[in-house]
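Participant: this is a predicted model, with the sequence first.
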Amino acid sequence: MTNHTEAQIRPGTRADLEQLTAIYNHYVIQTHSTFDTVASTAEQRQPWLAAHPGHGPHRLFVAEADGRVLGYATSSQFRARPAYRTSVETAVYCAPDAGGRGIGTLLYTALFEALADQDLHRAYAGIALPNEASVRLHTRFGFRQCGLYTESGHKFGRYWDVARFERPL
């Protein structure tokens, strides 16, 4: 099994889309981490990929080892209205067998280094609870909880709370 020091962090590309989709679909089908409820195809995820060019505030980084994508991190548009342009929403997803190995830390390190020279003021993240690993990761990167949406998502026959986190940039 590859450890985190053997993973290479790089910008995501079109060639990664199948593996990125497979990772995301695991969370769609198996967890409450995302409130999407239907798996998507790589073709359906192309607009998502296009929204994360290799420059600017909306970025995509992947962790790769031996040709396999182990995870990815993104900074995305926070809200569509122009006054939100200095804010981003971040997320990190690891392959099911890559969690707990430091991959998320490597990805967020690269992401926040890339965002440091952007005209940004805040990063936000939403974490469906419970998710102690994600709360720990975000806290380690300077996020603090700034809100809680109670019972805001319904998946797997129950309601889930979402904690909102923010970090200055």
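Facilitator: Alright, I've got the coordinates.
Participant: switch to C-alpha atoms for all contacts and neighbour counts from now on
Facilitator: Noted.
Participant: quick one: pLDDT of Met1?
Facilitator: Reported pLDDT at Met1 in the predicted model: 42.
Participant: in this protein, which spans are helices?
Facilitator: For the chain, helices defined by DSSP state H occupy the ranges 17-30, 46-50, 103-115, 132-140.
Participant: buried ones in the third one?
Facilitator: By neighbour count on 16 or more other Cα atoms under 10 Å, the buried set for helix 103-115 is 103-108, 110-112, 114-115.
Participant: okay, how far is it across stretch 41-48, tip to tip?
Facilitator: Using Cα to Cα, to the nearest Å, the end-to-end distance of stretch 41-48 comes to 12 Å.
Participant: nearest to Ala7, out of the helices of the chain?
Facilitator: Closest approach to Ala7 among these is made by helix 103-115 (7.7 Å; Cα to Cα).
Participant: pull the CA atoms of the closest one into PDB?
Facilitator: Output in PDB follows, covering the C-alpha atoms of helix 103-115 (Å, rounded to 0.1, in the frame of the first residue of the first chain):
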ATOM      1  CA  ILE A 103      -3.400  12.300   1.500                       C
ATOM      2  CA  GLY A 104      -6.000  15.000   2.500                       C
ATOM      3  CA  THR A 105      -3.200  16.900   4.300                       C
ATOM      4  CA  LEU A 106      -1.000  16.800   1.200                       C
ATOM      5  CA  LEU A 107      -3.800  17.900  -1.000                       C
ATOM      6  CA  TYR A 108      -5.000  20.800   1.200                       C
ATOM      7  CA  THR A 109      -1.300  22.000   1.600                       C
ATOM      8  CA  ALA A 110      -1.000  22.200  -2.200                       C
ATOM      9  CA  LEU A 111      -4.400  23.800  -2.600                       C
ATOM     10  CA  PHE A 112      -3.800  26.500   0.000                       C
ATOM     11  CA  GLU A 113      -0.300  27.300  -1.300                       C
ATOM     12  CA  ALA A 114      -1.900  27.800  -4.800                       C
ATOM     13  CA  LEU A 115      -4.600  30.100  -3.400                       C
END
